[in-house]
Structure formats: structure tokens, C-alpha cells
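A.B. asks: After the sequence you'll find the predicted model.
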Amino acid sequence: MLTGPDFMNIPTSVLIASLLTVVTVSGVISCSQPYQPEKATLVVRDTRVWTGNTEQPWAQALAVRADRIIAVGSNADVDALTGPGTEVISASGSMLVPGFIDSHVHFIAGGSGLAAVQLRDAATAEEFARRIGDYAKTIEPGEWIMYGDWDHTLWGGELPRRDWIDDLTPDNPVWVYRLDGHMALANSIALELAGVDADTAEVDGGTIVRDGDGRPTGILKDNAMTLVEAFIPEASAEKLDREVKAAMHYVAANGVTSVHDMADWQSLAAYRRAESHGDMITRIYSVVPLQDWERLRDEVGQNGTGNEWLRIGGLKGFMDGSLGSHTAAMLEPFTDAPNDKGLLLHDLDDMRNWINDADAAGLQVMVHAIGDRAIRDLLDIYSDVAKTNGERDRRFRMEHAQHIAAQDIGRFAAQGVIASMQPYHAIDDGRWAESVIGPERARTTYAFRSLLDSGARVAFGSDWSVAPATPVEGIYAAVTRRTLDDANPNGWIPEQKITVEEALHAYTTTAAYASYDEHLKGMLKPGMLADFVLLDRDLTTIAAETIRDAKILRTVVGGKTVFQAD
């Protein structure tokens with residue numbers, strides 16, 4: 001084929017003759033052998049398609065060939081692509097949306113927690129202890145009892161103690177987390193294994209809770225948790241592989257097709273095994289600790305950032321702890337603890353250096369910040385690093401961004417910082433947060449509306465296993481802000497509510513942008529990956545309070561069904 005200067009040098013008469021020949025030949029071919037476009041492998045029709053594409057927001061049907069979308073439009077559009085081998089799904093009354101992207105999970109911990117002791121809804125101290133004791137009877141002596149995700153606010157706020165469970169767990173170390181993951185309870189066996197006693201020194205960025213005689217009660221917060229965690233046996237590869245599979249099937253049943261996993265190198269190794277075995281049904285952005293930026297830089301330099309199933313390139317750090325554990329770093333003291341402003345987990349100079357060096361290496365930085373002081377300090381660091389390292393498409397992320405000082409809200413958009421938030425936390429923490437930070441600071445807590453109105457990018461996730469990886473419940477939370485106890489029927493801080501479509505964007509298009517994947521996923525249009533979810537009702541037309549009742553009918557990843565309701 002001739003192009004450019006060679007094409008321009010051909011005489012006009014030759015060009016006309018050549019074109020006439022092409023037209024004549026084309027005409028003969030079209031008469032004797034009509035062109036047959038390749039047919040779709042999967043078609044979904046008769047549905048309400050929310051595309052996430054502002055140029056074509058709504059459609060009636062979608063067609064897929066192999067792992068890509070080839071058409072989005074009317075029933076007639078996809079019928080033209082339907083052949084004898086096409087799977088056709090007629091989905092009247094349903095809603096089709098891009099696959100949900102959970103922007104913040106702890107994936108293997110979630111998979112492991114599915115089979116662990118379940119403490120999240122234990123409503124009394126007695127129930128908490130009984131469940132641990134009952135679980136101990138089902139496992140071998142010496143095996144650790146872990147996870148749990150307890151919530152002490154359900155029984156009035158008293159922190160659990162090791163003496164509640166010691167007699168019930170005589171043969172098993174116990175290390176069960178509060179649901180936010182920022183403090184945990186150890187029984188006496190676990191403390192003895194770790195060598196934690198009355199003489200153990202405090203840990204910077206953490207707390208050993210002690211009784212009146214200075215003895216550990218069993219509760220360790222944030223950095224102090226490492227004292228016990230260092231003695232937990234490393235899980236076998238086989239166990240991790242089972243947990244990855246359990247996690248993938250769990251999120252698929254909830255419409256999640258991609259996750260951003262805030263984990264470690266051991267998790268990445270497990271995902272690589274799953275990919276090599278052809279077991280992946282969830283796309284994973286595997287994020288490793290910020291302090292390991294040099295190792296990740298070298299890994300990316302040698303092997304690249306991965307593929308459409310498994311990607312690397314992100315680093316996760318921590319500024320502070322959590323509100324529920326009173327370890328969030330605040331500008332002013334907690335309302336219920338006038339001498340306590342929480343804590344920073346790392347020296348600010350260390351954080352600044354890690355972030356600067358990681359950014360200079362071209363890696364994506366995402367940092368946990370919950371308290372208003374932690375948020376402000378992180379925004380300051382991000383601003384300084386961006387100025388030092390110069391312009392680039394860096395996409396700094398702030399994980400959680402929960403309790404923002406009002407004057408800092410506009411900084412997210414101005415600095416291009418993505419707010420990676422978890423709406424379920426708002427309806428969970430909203431039951432008690434004002435007792436900890438007061439009504440004034442609560443006004444800009446989980447400030448979805450204020451952030452969006454300021455022009456900030458907001459990506460949604462769950463923080464699973466801290467909260468369930470259920471985007472439908474997340475959308476319900478963002479739209480209604482009705483707390484889990486139903487004490488706020490009009491919404492907790494209702495001025496921060498957002499619309500269904502805004503919440504959908506946060507779980508799809510913006511979440512894809514948050515991992516540099518907007519060219520592959522997050523919306524339904526030709527050429528994009530065929531990742532989508534079929535819901536049993538149109539979330540945009542039903543009463544907001546009924547959104548959480550919506551069911552996932554089918555989850556499709558890469559054109560293949562990975563979950564289908566019975």
C-alpha cells in the first residue's frame with residue numbers, strides 16, 4: 001500500500017483507473033460473496049444498559065466477541081451480530097452495568113476470613129467469647145484462631161480482654177481483629193508466644209493496652225500489633241491458593257470483576273500461581289508496601305507491570321490508624337478523649353522520603369489517611385513531591401480520606417489526588433462517629449458530595465475484609481447514608497448524599513482511572529474488556545432505600561460467566 005509522498009507522486013489518471021478497478025472488483029465480490037461480519041460469541045439484549053460512557057450513557061443491548069465488547073446499542077444492532085454459535089441472554093427487567101471495580105481490598109485476608117471465626121455481629125461480650133470458644137472446638141490444638149472482625153460498639157464500647165477467652169481457648173493462640181484491622185485481641189497463649197508482658201516497652205505508632213497493674217489486657221493497637229504478628233506461622237502456598245480461589249468466587253457473586261489489593265509480596269506470588277494455572281476469574285491490581293519501593297522498581301524494570309489479569313506498579317503506605325481504635329491522627333483531640341489526638345504511624349520525614357523516591361521511580365503511590373491531621377499532612381507531602389519531581393501522570397491516591405477538615409476538601413481536585421473511599425464505612429461508623437469527633441467535624445466525614453462538587457475524582461471500594469465487598473450495598477450507602485442501625489432514615493449528614501449514577505461511576509469509570517486502566521475497563525463500549533454485571537432491577541429508577549435489595553444475576557469477566565444466580 002502506498003502512502004505519503006509516494007502516493008502523492010502517482011499520476012491522477014492512474015489513480016482514477018485504479019479506483020475504478022477496485023470499485024468494479026468490489027462490486028463483483030459483493031454480488032457473488034456477500035460480506036459476513038464475524039458473529040458475536042455472547043449477546044445480552046432486552047435490558048437497560050448503563051454504559052458509563054458519557055457519549056452513549058444508555059443502551060438496550062450489548063454484544064461480545066471472545067473477551068471484548070464489539071457493539072453497544074439496540075436489540076437490532078446486536079441481532080445483526082448473532083449467529084448459530086452465539087449465546088443469547090434475554091434479560092427483560094434487568095440492568096446491565098460495567099463490572100464493579102473494588103478499589104480497596106485485602107483480598108487474601110478476606111478469603112481467609114470466610115472460613116474463620118465470625119465475630120462481626122456478636123452483640124454482647126458473652127456472645128463474643130462463646131463464638132471464639134465454639135470455634136476452638138472445631139480446630140486442632142496449636143492452630144491459631146484469627147480474623148473475626150469484632151465490633152465492641154455493639155456491646156457498649158468496652159474493649160475485650162484476654163481473660164474473657166483464656167479458659168475457652170486453652171490449646172490455641174488467639175489473635176482476632178477489630179473490624180477496622182487497627183487493633184486486635186490476643187489471648188494469654190498468644191502473648192506468651194510473643195513474649196509480651198508487663199515489662200514490654202511501648203512501640204512507636206502503637207499502643208499496648210494495659211490494666212491498672214500495667215499488665216497487657218490482650219489488646220494491641222496499630223504498630224504494637226507487630227509484636228504478636230511476628231510469631232504467627234506463615235501460611236503455606238496451598239492454603240493461600242485456596243484463599244485466593246475463595247475470595248475470587250465471593251467477589252464474583254457480588255458483581256466485582258476487578259480489585260485493587262492492598263497487600264504484600266506473598267499475595268502477589270499467590271496471584272501469579274493462580275494466573276499460571278489459568279485459575280483467575282478476578283482481575284487484580286496487586287499493591288505492595290510503600291517501604292518496598294526499590295524492590296518494586298526493580299521488579300517492574302525487569303518484568304513490566306503485568307497484563308489484563310494481574311498488574312503491579314502500586315505502593316501502599318500508612319499515615320495513621322482508625323477512628324474506631326482512636327488511632328486516627330486528628331488536628332484536635334477526640335470528643336470522648338480530650339487528651340488524645342490519635343497518632344501517626346511513621347515519622348513524616350520517612351513518609352516524605354518514601355513517597356518522593358517511589359514517585360521519582362515512576363510508581364503509583366497510595367496512602368492510608370483517616371484523621372484530618374493525617375489527611376492534611378499527606379496532602380502537603382503530595383504537593384511537595386509533585387513540585388520536586390515535576391509534571392507527570394502520577395495519580396496519587398489517598399486511601400479512605402474519611403475525616404477531612406473543611407478547608408482541605410478543595411485540595412484533592414487542585415492537586416489531582418484521587419480520593420479512594422469506602423461508602424459502607426459511612427453507614428457503619430455513622431452509628432457512633434459523632435460521639436468520637438463531635439457534630440461539627442462530622443459534617444465533612446465521608447464527604448462524597450463535597451468532594452465531587454469540588455471536582456475531585458472519587459473511587460469507591462469496600463476495604464474487605466473490614467467491610468463486605470458488596471458494591472450494591474456501597475451504592476446504597478452513598479445514596480442514602482442510612483446507618484446500619486436505621487437510626488438515620490433521612491441519612492446521616494444527608495447533605496453528603498450522591499446520586500446512583502455518581503456512585504456507579506465511582507465503582508467503574510473512576511475506579512478504572514485510579515489504576516491507569518480506563519482504556520480497558522470501567523465502561524461498556526466497543527473495544528473494552530467484556531467485564532459486566534447483570535442486576536435484577538434498574539438502580540436508577542427504584543426507591544433509594546430498596547437499592548440494597550438488588551440481586552446480582554450474572555457476573556461476566558472477559559466474556560465468560562463467572563457467577564450466575566440460581
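C.D. replies: Looks like it arrived, so ask away.

A.B. asks: contacts, neighbours, all on C-alpha from now
C.D. replies: Fine.

A.B. asks: Helices of the stretch 401-550 of the chain, residue ranges please.
C.D. replies: 409-415, 423-429, 433-442, 448-453, 471-480, 500-507, 509-513 (DSSP state H, counting those that start in this stretch).

A.B. asks: which parts of the fourth one are buried?
C.D. replies: Residues F448, R449, S450, L451, L452 are the ones in helix 448-453 that count as buried (16 or more other CA atoms under 10 Å).

A.B. asks: With respect to D566, which of those is nearest?
C.D. replies: Within the buried residues of helix 448-453, proximity to D566 (CA to CA) peaks at F448, which comes in at 35.0 Å.

A.B. asks: re earlier: how about the helices of the stretch 401-550 of the chain, which one is nearest A337?
C.D. replies: helix 433-442 (7.8 Å).

A.B. asks: With distance to R311 and mean pLDDT as added columns, please give the helices of the stretch 401-550 of the chain in a markdown table.
C.D. replies: Listed next are the helices of the stretch 401-550 of the chain as a markdown table, based on distance: least, CA to CA, whole Å; pLDDT from 0 to 100:
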| stretch | distance to R311 | mean pLDDT |
| --- | --- | --- |
| helix 409-415 | 25 | 98 |
| helix 423-429 | 25 | 97 |
| helix 433-442 | 36 | 96 |
| helix 448-453 | 28 | 98 |
| helix 471-480 | 22 | 98 |
| helix 500-507 | 19 | 98 |
| helix 509-513 | 13 | 98 |
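
A.B. asks: I'd like these laid out as JSON lines, including distance to W293.
C.D. replies: Formatted as JSON lines, the helices of the stretch 401-550 of the chain follow (distance: least, CA to CA, whole Å):
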{"stretch": "helix 409-415", "distance to W293": "22"}
{"stretch": "helix 423-429", "distance to W293": "29"}
{"stretch": "helix 433-442", "distance to W293": "35"}
{"stretch": "helix 448-453", "distance to W293": "29"}
{"stretch": "helix 471-480", "distance to W293": "31"}
{"stretch": "helix 500-507", "distance to W293": "27"}
{"stretch": "helix 509-513", "distance to W293": "22"}
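
A.B. asks: Please give me every residue in contact with S188.
C.D. replies: S188 makes contacts with R162, D163, D166, P173, G218, as judged by CA atoms under 8 Å, 6 or more residues apart in numbering.

A.B. asks: Just the mean pLDDT for stretch 265-284, thanks.
C.D. replies: Averaging pLDDT along stretch 265-284 yields 97.

A.B. asks: can you count the residues close to S74?
C.D. replies: 17 (other CA atoms under 10 Å).

A.B. asks: mind checking how far the residue nearest to it when sequence neighbours are not counted is from G455?
C.D. replies: Using CA to CA, 6 or more residues apart in numbering and skipping residues adjacent in sequence, the residue nearest S74 is Q60, 4.9 Å away. To G455, Q60 is 30 Å away according to CA to CA, to the nearest Å.

A.B. asks: Compare these two (neighbour count), which wins?
C.D. replies: Q60 (21 against 15).

A.B. asks: I'd say that one and R48 touch.
C.D. replies: Yes - using CA atoms under 8 Å, Q60 is in contact with R48, at 5.4 Å.

A.B. asks: closest to L240 out of the helices of the stretch 401-550 of the chain?
C.D. replies: Of all the helices of the stretch 401-550 of the chain, helix 471-480 sits nearest to L240, with 24.7 Å by CA to CA.

A.B. asks: quick revisit: any idea how far the residue nearest to S74 is from F107?
C.D. replies: 34 Å.

A.B. asks: can you check D429 too?
C.D. replies: 22 Å.

A.B. asks: ditto for A456
C.D. replies: For A456 relative to F107 (CA to CA), the value is 27 Å.
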